[in-house]
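J.: My questions are about this predicted structure, shown below with the sequence.
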Amino acid sequence: MGRGTDLSSDRVQLLRCAYWEKVRDVEPKNMVFLDETGVMLTFRFTRHDGLMRHYARSEKGSRVYDLKPFYRGKKVTVIGAISMSKVLAVMTLDNSMDSNAFHVFIEKLLLPQLWKGAVVIMDNREHPTFYLAIAN
């Protein structure tokens, strides 16, 4: 099932309702959204580099076949947290995020920026919405 069809499934709708139940009493000014992404820095489109074309052209009636390597090239990870009024913390690192880097981001960059009543909301693939309240 593709991402587009999954967004309207009964399971996702139930998760959305559960999320809104958790945050309905949180003032928007106290919400802090945290997210992380990875970027491949290789920009040439060859079969040996990190960014690969997903589609190709061929003569009518024939298919295109090529190798598609997994994670070739340099990767940079970016993690950040924003509130309704400003960017609170941003960190970049070479390669993928691990638990040590995540703890450094939280302890050294994010926690010093939080206030009493701030609620950090982050996306987590295993648990569609993870909700963490921080009160000083």
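T.: It's in. Numbering: from 1, shown residues only.

J.: Give the other helices and strands that the lengthiest strand in the chain contacts.
T.: Among the segments of the chain that qualify as a strand by DSSP state E, the longest is strand 31-40. Identification of packing neighbours for strand 31-40 by 3 or more CB pairs under 8 Å, 6 or more residues apart in numbering; DSSP states H and E yields strand 75-82, strand 119-122. In this view, the C-beta of every residue, glycine as well, is placed from N, C-alpha and C.

J.: in it, what counts as buried?
T.: Buried residues in strand 31-40, counted by 16 or more other CB atoms under 10 Å: 32, 34, 36.

J.: Just list the residues touching the second one, thanks.
T.: I take that to be Leu34. Applying CB atoms under 8 Å, 6 or more residues apart in numbering to Leu34 gives the contacts 79-81, 110, 120-122.

J.: Can you tell me which of those is nearest Val87?
T.: Set against Val87, the nearest of the contacts of Leu34 by CB to CB is Gly80 (6.6 Å).

J.: Helix, strand or coil: sort out Glu59 for me.
T.: Classification of Glu59 using DSSP: H, G, I helix; E, B strand; the rest coil returns coil.

J.: ok, now which ones touch the nearest residue to Ile79 once chain neighbours are set aside?
T.: Excluding its sequence neighbours, the residue lying closest to Ile79 (CB to CB, 6 or more residues apart in numbering) is Glu36, at 4.2 Å. By CB under 8 Å, 6+ apart, the residues touching Glu36 are 77-80, 97.

J.: Buried only: go through the residues you listed for me.
T.: 77, 79-80, 97.

J.: And those residues, which two are furthest apart?
T.: Farthest pair in those, by CB to CB: Gly80 and Met97, 11.8 Å.

J.: Make sure Leu88 is actually in contact with Ile106.
T.: No - with contacts counted by CB atoms under 8 Å, Leu88 stays clear of Ile106, the gap being 11.5 Å.

J.: want to try JSON lines for the buried residues of strand 31-40, with distance to Tyr55 and pLDDT as columns?
T.: Below are the buried residues of strand 31-40 laid out as JSON lines (distance: CB to CB, whole Å; pLDDT from 0 to 100):
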{"residue": "Val32", "distance to Tyr55": "38", "pLDDT": "94"}
{"residue": "Leu34", "distance to Tyr55": "33", "pLDDT": "93"}
{"residue": "Glu36", "distance to Tyr55": "28", "pLDDT": "92"}
